[in-house]
Every structure is written in structure tokens, then in C-alpha cells.
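Undergrad: Fold the following and give me the result.
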Amino acid sequence: MQLTRVARWEESKYIVASSGLFMVPAIYCYVYEFYKLGILLTLTSGFSINFWMNAVFSWRRTLDHICAKVAYCVFVWNGILYIRTVPDIILSMIVMSAMLYCYYVSYIMCGVVDVWVKYHVAFHLLAIQGQIIIINRMIE
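TA: Okay, here's the model as predicted:
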């Protein structure tokens with residue numbers, strides 16, 4: 001059975017690299033003993049790398065999407081709990097808005113225009129920035 005390709009390696013290699021960067025906030029979590037968050041981010045990174053290394057519609061894509069959505073919900077919840085100052089709320093809303101915009105554009109443009117990869121990498125980088133902001137507030 002031939003599986004439908006989501007992206008060619010020439011495109012997805014950049015997303016594999018940005019998926020690996022989820023290990024930065026994961027290590028940060030381990031250092032500050034937020035082990036559950038660290039494990040979640042490690043799994044998110046691993047499942048994302050696993051999918052994008054051979055980006056075809058399969059159970060690996062489903063697993064990546066489920067883990068990413070769980071991580072998103074967990075970090076939004078932690079953001080609600082720990083982001084308290086007005087400047088932090090404004091910064092977090094800007095990061096989250098930009099992140100969702102980049103994800104939406106990459107989703108809509110995937111397979112249509114090559115620029116979608118840049119938006120997906122930007123989505124990953126913004127998600128990582130948001131995670132680091134939240135982890136910093138959890139430490140305080």
C-alpha cells in the first residue's frame with residue numbers, strides 16, 4: 001500500500017531540525033525538576049522528528065498530532081496558572097497569536113507553496129519561546 005506523502009525530505013529536513021529544538025525546553029524542565037513537562041517535551045520532540053523524517057500520512061502523523069495537542073493544552077494551562085503580570089500576559093498573547101498564525105498558514109499552504117516550511121519552522125520556534133516563558137514563570 002502506497003502512503004500519501006505530506007512533504008519531501010528536501011522540505012521536511014528543516015522541520016526535523018526545529019523539532020529537535022524542543023529538547024531545549026525539555027532539558028530546562030529536567031534541570032528545574034519539572035520531570036513530567038520534560039518527558040512531555042521529549043516525547044513531543046521525538047514523535048515530531050519521527051514523523052517528519054518520513055512525512056507520510058500514517059499512524060506516526062496521528063501520534064505526532066496527538067502529542068503536540070496534549071503539549072499545547074498542558075502549556076496553555078500552565079500559562080494560565082503562572083503568567084500573572086500584564087507585560088507577561090501581553091508577550092504571551094503575542095507569541096501565541098503568532099504561533100497559531102504560523103501553524104494555520106503552514107497547514108493551508110502545505111503542498112501548495114514551498115514557503116509553508118518556513119511558517120512551520122517559525123511555528124516550532126514560537127512554541128519553544130512560549131514554553132520557555134512559561135517555564136521561567138514556573139521557576140519564580
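
Undergrad: and residue 43, how many neighbours?
TA: Applying the criterion other Cβ atoms under 10 Å, we find 18 residues in the vicinity of residue 43. Bear in mind the C-beta positions are built from the backbone N, C-alpha and C, glycine included.

Undergrad: what about it, helix or strand, and which?
TA: Assessed by DSSP states H and E, residue 43 sits inside helix 35-53.

Undergrad: buried set for that helix?
TA: Residues 37-38, 40-49, 51-52 are the ones in helix 35-53 that count as buried (16 or more other Cβ atoms under 10 Å).

Undergrad: Next secondary structure after that helix?
TA: Taking DSSP H and E as the definition, the helix or strand that follows helix 35-53 towards the C-terminus is helix 59-82.

Undergrad: Could I get the average pLDDT for the helix holding residue 43?
TA: For helix 35-53, the mean pLDDT works out to 98.

Undergrad: Next, the angle helix 59-82 makes with it.
TA: Put simply, helix 35-53 runs at 150 degrees to helix 59-82, going by axes from the mean of the first three to the mean of the last three Cα atoms, to 10 degrees.

Undergrad: Outside of helix 35-53 itself, which residues are in contact with it?
TA: The set of residues that contact helix 35-53 without belonging to it, under Cβ atoms under 8 Å, 6 or more residues apart in numbering, is 7, 12, 15-16, 19-23, 25-27, 29-30, 60-61, 63-64, 67-68, 70-71, 74, 78, 131, 135.

Undergrad: from those residues, which would you call buried?
TA: For the contacts of helix 35-53, a neighbour count by 16+ other Cβ under 10 Å gives the buried set as 7, 12, 15-16, 19, 22-23, 25-26, 29-30, 60-61, 63-64, 67-68, 71, 74, 78, 131, 135.
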